[in-house]
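Undergrad: Need coordinates for the below:
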Amino acid sequence: MNLEDPPRSLPVVSFRLKLFAAIMIVVAAVTALTLYLAEQNAQEEVGRNVEREFRDALTALHEAREVRLTLLAERCRSLAKAVRIRAALEESSAEDLYTNAEIELRGILAGEPEPEPEAAGRTLRAKFFRFLDAQGTVITPGKIVGSGRADGALEAKLGMQGVSNRQEIGYLMVKSENGEETPCEIIATPIVATDTHEVIGAVVIGFPPLELTGPPGMEGLKSGIWVEGRLHLPALSPAAQGFGGAALARVVEQPERAERSLPVQIEGAPHLLLYQRLNPGSRFAAAFEVCLFPLTGSLARQRRFRIQILSAAALLLAGGLAVSHFISGRFSAPVAKLAEDSAANRAQRERAESALEITNQKLSSRNAELQQALADLKATQQHVIQQERLSALGQMASGIAHDFNNALVPILGFSQLLQLDPELLADTERTTRYLGVIQTAAQDAANVVGRLHQFYRVRDENESFAAVDLNRIAQQAIELTQPRWKDQAQSSGSTVEVVAELADLPPVAGDESALREALTNLIFNAVDALPNGGRITIRTRRAGVSAQIEVEDNGTGMSEEVRLRCLEPFYSTKGQRGTGLGLAMVFGMAQRHRGSLQVESELGKGTTFILTLPLHRANDLAIDEVSGVTRSRSLRILVVDDEPNVRELLSAALSADGHEVATAALGEEAFQRFKAGHFDLVVTDKAMPGMSGDQLAALIKKHSPPTPIILLTGFGQFLEKENIPFVDVLIAKPIDLLALRQAVATAHQGV
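TA: Modelled structure (predicted):
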């Protein structure tokens, strides 16, 4: 036995144990991280599935509620419009009032037989009805028949609500025949006088709320109502209702929360509880729809996922143990060899050098792989950037289409109105006003691309603005948007009222078209916030050396998070209907005008946009006005454009100014005509088939350098004349005739 063997074996064993421990630590860390990530992913997946199932079930339930509520509201409005009802109310005859109401409501009073369960969603079955006078006091009938039994508490509750000028929905607890209090759905409809159109009273009809049940596959869903501080959910036992009501009471009556979900334990089982405001904006007490969704199935699925994950982790850990044992044994073999045979150090060193060379080769190969991976990553990054650019371009195009469509509404509407009713042409004043609106909308459409080009552009110090009447801009914006806030809103069954409160103001310094478009965007934004109708107020006032214009609505309002981000480009809460560019364009316009845009909003109470602009000063006037341009002397002009309508318009406009005009459709034809005759000026389009306007200008300048050339282009918002050396004047399409006259005078000065 060699006495040196034990000392040599100890370092080998120590090295092997350390290597085994290090590898196991790495394997354990990877296993723990994998287990954690898998667990988190499983929980998120289960949560998403539960949320999706819950929302799908709620959507089906809400559709049934909406259908029934629409029928009830329409029936109540019909009753409020009945001639006998209004007559009896105006004559203050309570007996006739309730007698006529019983006749009008025949077939929906509580005495009729209950319908089959499958028709419950379409049933109009009233429990009682009452009439209120103009002050909101309950008009007590002489005898209680179809209007329900006498109930002093009910009369007091109804009398406290007053009378509104719009139909409202509320919920009250009403005593049933057995003395128990159950919730009742209240629809209060104003009654308007025939002659004065003033509210003279209201009819209040109470209906039992729709008992909602879960759709097939979601039978565990339970639905109820929270009203007057109590929970009414018949599917639960009284003890469970008390526990659920106590859990709900801690959060449901917080005014800033209109909807929220929270987990609760009901009858020993986990549930997801969701409450949602049923009557936002109503003067009745707040009432909430309460839904319970059992989570037992989802928790079972989560447990199954956890068991599978733990099993996979155990297998991974066992495999890591085996691999660690194998690797530690392999890597400790050279150390053991060195310890056992010290005489073979040189040979061992050579073997180590050989192994090192192989390792270097592997590292070189791995380095090449990393270089290729880096190249692939850069290519992927460029692809992602390109996709983002395409996405942004698509949203930009959507925003441009949105603005063009808004501008085309009054153009198409008023032009079709004049075509369909030729007699309107005899009314010169009205026709002139319609044509003015069409011209204004067309100018706004022409400036869409220009505004997009100037999006968030910092105002140049040399840029000047003309004096603008802010009140006139407001009136024009109201008239331009009327097809949206009046006609389209009425076609969907809602009413939007626009009120102008305009104060006397001095002019502001600004771009009239940009201000009109900004105000139009704010009005459209307010209309979108009034899905059920409402009121929009446009208000102007002076604030020191500035003027302010407000656009206020009493719609849905915004949360604080949405309010802080609503001016960001491409941020929208309208889904596919929104582009996220409207408010951003308004903000950019305010910045260019050295003004500001403030947003004040609160959920359920509406939103106010405050646009502040500096007042006009004498030195802010534009250098000149196109309308004051002196006409040039009679010239011989060559007009070139491949569009016949454009050629006809240019020829007519220039001929009206006393010029002699010749036309050509293509660049080759125009150059031949120019060489054959004498022309004082050439007006050509840029984009034409064959020879472009740029090429034609170069040939003409080469043939006759003194001849001035005016270039027309639809890309004028993005081109600079300095980049087109052969052109004297650049005009952007669409063509403004006054701008054309200015261009002719500028291009031919001294001729």
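
Undergrad: From here on, just use CA atoms for contacts and neighbour counts.
TA: OK.

Undergrad: for the stretch 101-250 of the chain, what spans make up the strands?
TA: For the stretch 101-250 of the chain, the strands defined by DSSP state E, counting those that start in this stretch occupy 128-133, 138-139, 168-175, 181-192, 199-207, 222-227, 230-232.

Undergrad: Next, format the ones you listed as CSV and append mean neighbour count, distance to Val744 and mean pLDDT.
TA: Listed next are those as CSV, based on neighbours: other CA atoms under 10 Å; distance: least, CA to CA, whole Å; pLDDT from 0 to 100:
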stretch, mean neighbour count, distance to Val744, mean pLDDT
strand 128-133, 23, 72, 82
strand 138-139, 22, 77, 84
strand 168-175, 21, 64, 83
strand 181-192, 23, 63, 85
strand 199-207, 24, 63, 86
strand 222-227, 23, 75, 79
strand 230-232, 21, 79, 77
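
Undergrad: Adding distance to Ala426, write those strands out as JSON lines.
TA: Below are the strands of the stretch 101-250 of the chain laid out as JSON lines (distance: least, CA to CA, whole Å):
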{"stretch": "strand 128-133", "distance to Ala426": "49"}
{"stretch": "strand 138-139", "distance to Ala426": "54"}
{"stretch": "strand 168-175", "distance to Ala426": "46"}
{"stretch": "strand 181-192", "distance to Ala426": "38"}
{"stretch": "strand 199-207", "distance to Ala426": "40"}
{"stretch": "strand 222-227", "distance to Ala426": "61"}
{"stretch": "strand 230-232", "distance to Ala426": "66"}
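
Undergrad: between the ones you listed, which gets nearest to Thr359?
TA: Across those, Thr359 has its closest neighbour in strand 222-227 (67.1 Å, CA to CA).

Undergrad: hmm, who's touching the closest one?
TA: For strand 222-227, contacts defined as CA atoms under 8 Å, 6 or more residues apart in numbering pick out 171-173, 183, 211-214, 231-235, 285-293.

Undergrad: One more: stretch 306-322?
TA: Met24, Val27, Ala28, Thr31, Ala32, Thr34, Leu35, Ala38, Glu39, Ala42.

Undergrad: Please list only the buried members of the contacts of strand 222-227.
TA: Among the contacts of strand 222-227, the ones that count as buried by 16 or more other CA atoms under 10 Å are 171-173, 183, 211-214, 231-233, 235, 286-293.

Undergrad: Give the burial count for Thr495, as a bare number.
TA: Neighbourhood size, Thr495 [other CA atoms under 10 Å]: 19.

Undergrad: gap between the closest residue in space to it that isn't next to it in sequence and Tyr171?
TA: Once flanking residues are discounted, Thr495 sits nearest to Gly533: 4.6 Å by CA to CA, 6 or more residues apart in numbering. Separation of Gly533 from Tyr171 (CA to CA, to the nearest Å): 22 Å.

Undergrad: Can you mark which positions in the helix or strand that Gln672 is a member of are buried?
TA: For Gln672, the host element (DSSP states H and E) is helix 667-676. Residues Gly667, Ala670, Phe671, Arg673, Phe674 are the ones in helix 667-676 that count as buried (16+ other CA under 10 Å).

Undergrad: Packing partners of it?
TA: Applying 3 or more CA pairs under 8 Å, 6 or more residues apart in numbering; DSSP states H and E, we find helix 667-676 packed against strand 636-640, helix 693-703.

Undergrad: Any chance of a markdown table for the ones you listed, columns mean pLDDT and mean neighbour count?
TA: Shown next, in a markdown table, are these (pLDDT from 0 to 100; neighbours: other CA atoms under 10 Å):
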| stretch | mean pLDDT | mean neighbour count |
| --- | --- | --- |
| strand 636-640 | 93 | 23 |
| helix 693-703 | 91 | 19 |
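
Undergrad: Which one of these lies nearest to Arg351?
TA: Going by CA to CA, the one of the helices and strands packed on helix 667-676 nearest Arg351 is helix 693-703, 76.4 Å.
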